[in-house]
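S.K.: The sequence and its predicted three-dimensional model are supplied below.
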Amino acid sequence: MYSVSLSDEAKRFFENATAQLQKRLDRCFEQLKVNPYKHPNIKPLNGKLAGYYRYRVGNYRVIYQVNKQINNVLVSIIIHRSDAYE
């Protein structure tokens, strides 16, 4: 099982999100604890974001890295999909 930690920016986004979105993000984080690689909403990223993954939560994207050595998922940013890949 993995632990999930959030960057300062991701924490700020989560704290300011609506209660409904927070519940959806909590479900996302629970899934990442179990397996950060396999889920229909998970996709490895390419290009400048190679080494990162994205988890789709409705119109939002959770961008994260996995550290296998310490079994940790670091959520770098949570962002609206229209801004995610600029």
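M.R.: Great, that's in hand. Numbers count the residues shown, from 1 in each chain.
S.K.: how far away is the residue nearest to the spatial centre of the chain from Asn35?
M.R.: Centroid-nearest residue in the chain: Val62, 3.0 Å away (criterion: C-alpha atoms, centre = their mean). To Asn35, Val62 is 14 Å away according to C-beta to C-beta, to the nearest Å. To be clear about C-beta, it is placed using only N, CA and C from the backbone, and glycine gets the same treatment.
S.K.: how about the strands of this structure, start to end?
M.R.: Assigned by DSSP state E, the chain shows strands spanning 3-6, 42-44, 53-57, 60-67, 72-80.
S.K.: For these, could you give me JSON lines that also reports mean pLDDT and distance to Ala19?
M.R.: Compiled in JSON lines, these are given as follows (pLDDT from 0 to 100; distance: least, C-beta to C-beta, whole Å):
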{"stretch": "strand 3-6", "mean pLDDT": "97", "distance to Ala19": "17"}
{"stretch": "strand 42-44", "mean pLDDT": "96", "distance to Ala19": "24"}
{"stretch": "strand 53-57", "mean pLDDT": "96", "distance to Ala19": "14"}
{"stretch": "strand 60-67", "mean pLDDT": "96", "distance to Ala19": "15"}
{"stretch": "strand 72-80", "mean pLDDT": "96", "distance to Ala19": "15"}
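S.K.: max-length helix in this protein?
M.R.: When the chain is parsed with DSSP state H, its longest helix is helix 19-34.
S.K.: before we move on, the earlier item: quick one: the strands of the chain as TSV, columns for distance to Glu30 too.
M.R.: Converted to TSV, these look like this (distance: least, C-beta to C-beta, whole Å):
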stretch	distance to Glu30
strand 3-6	8
strand 42-44	13
strand 53-57	11
strand 60-67	12
strand 72-80	11
